[in-house]
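>>> sequence plus the predicted model coming up.
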Amino acid sequence: QVQLVESGGGLVQAGGSLRLACAASGYIFSINAMGWYRQAPGKQRELVATITNGGSTNYADSVKGRFTISRDNAKNTVYLQMNSLKPEDTAVYYCNGDITTAAVTIRRSNYWGQGTQVTVSS
């Protein structure tokens with residue numbers, strides 16, 4: 001099995017910055033892609049940013065130019081640097097991993113972290 005553990009959430013004033021981290025652990029054979037999603041109260045979960053094994057990135061229009069996703073392959077960790085935060089960025093942020101495991105057989109699955117709260121005050 002695979003565990004994704006997020007950290008770095010918290011309360012920040014508008015215009016401030018936060019850095020989220022998500023570490024993957026378990027019987028990992030390879031990490032194909034990782035990403036961040038968020039869900040605000042009363043809204044559907046939405047994509048924030050993704051990064052492939054090769055380093056290609058994709059961002060939601062609402063965060064382009066403010067957020068940066070990166071990964072440390074040696075540590076199986078993905079980061080989300082969030083700058084110029086706005087109150088509308090307030091949400092629970094979830095880490096997602098497209099991961100191939102090799103515990104018994106080789107198997108590719110999608111995994112989610114437990115989420116970390118980000119609150120931006122105006």
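Sure thing, it's come through. Numbers count the residues shown, from 1 in each chain.
>>> just give the number of residues close to residue 64.
Using other Cβ atoms under 10 Å, residue 64 has 10 other residues around it. Any C-beta I mention is one placed from the backbone N, CA and C, and that applies to glycine too.
>>> go on, residue 21?
By the measure other Cβ under 10 Å, the count of residues near residue 21 is 17.
>>> cool, and residue 88?
With other Cβ under 10 Å as criterion, residue 88 counts 11.
>>> can you classify it as helix, strand or coil?
Assigned by DSSP: H, G, I helix; E, B strand; the rest coil, the conformation of residue 88 is helix.
>>> mind listing the strands for this protein?
Applying DSSP state E to the chain gives strands spanning 2-7, 10-13, 18-26, 28-39, 46-52, 57-59, 67-72, 77-82, 91-101, 107-112, 116-121.
>>> in the second one, what counts as buried?
Within strand 10-13, the residues that qualify as buried are residue 12, counting by 16 or more other Cβ atoms under 10 Å.
>>> same question, the first one
By neighbour count on 16+ other Cβ under 10 Å, the buried set for strand 2-7 is 2, 4, 6.
>>> as TSV, those residues with distance to residue 116 would be great.
What follows is these, written out as TSV (distance: Cβ to Cβ, whole Å):
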residue	distance to residue 116
2	18
4	11
6	4
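>>> ok, residue 25 - contacts?
For residue 25, the contacting residues are 2, 3, 5, 76, by Cβ atoms under 8 Å, 6 or more residues apart in numbering.
>>> returning to that earlier point: most tightly surrounded among the strands of the chain?
Among the strands of the chain, the stretch with the highest mean neighbour count (mean count of other Cβ atoms under 10 Å) is strand 77-82, at a mean of 22.
>>> for it, packing partners?
Other helices and strands packing on strand 77-82, by 3 or more Cβ pairs under 8 Å, 6 or more residues apart in numbering; DSSP states H and E, are strand 18-26, strand 28-39, strand 46-52, strand 67-72, strand 91-101.
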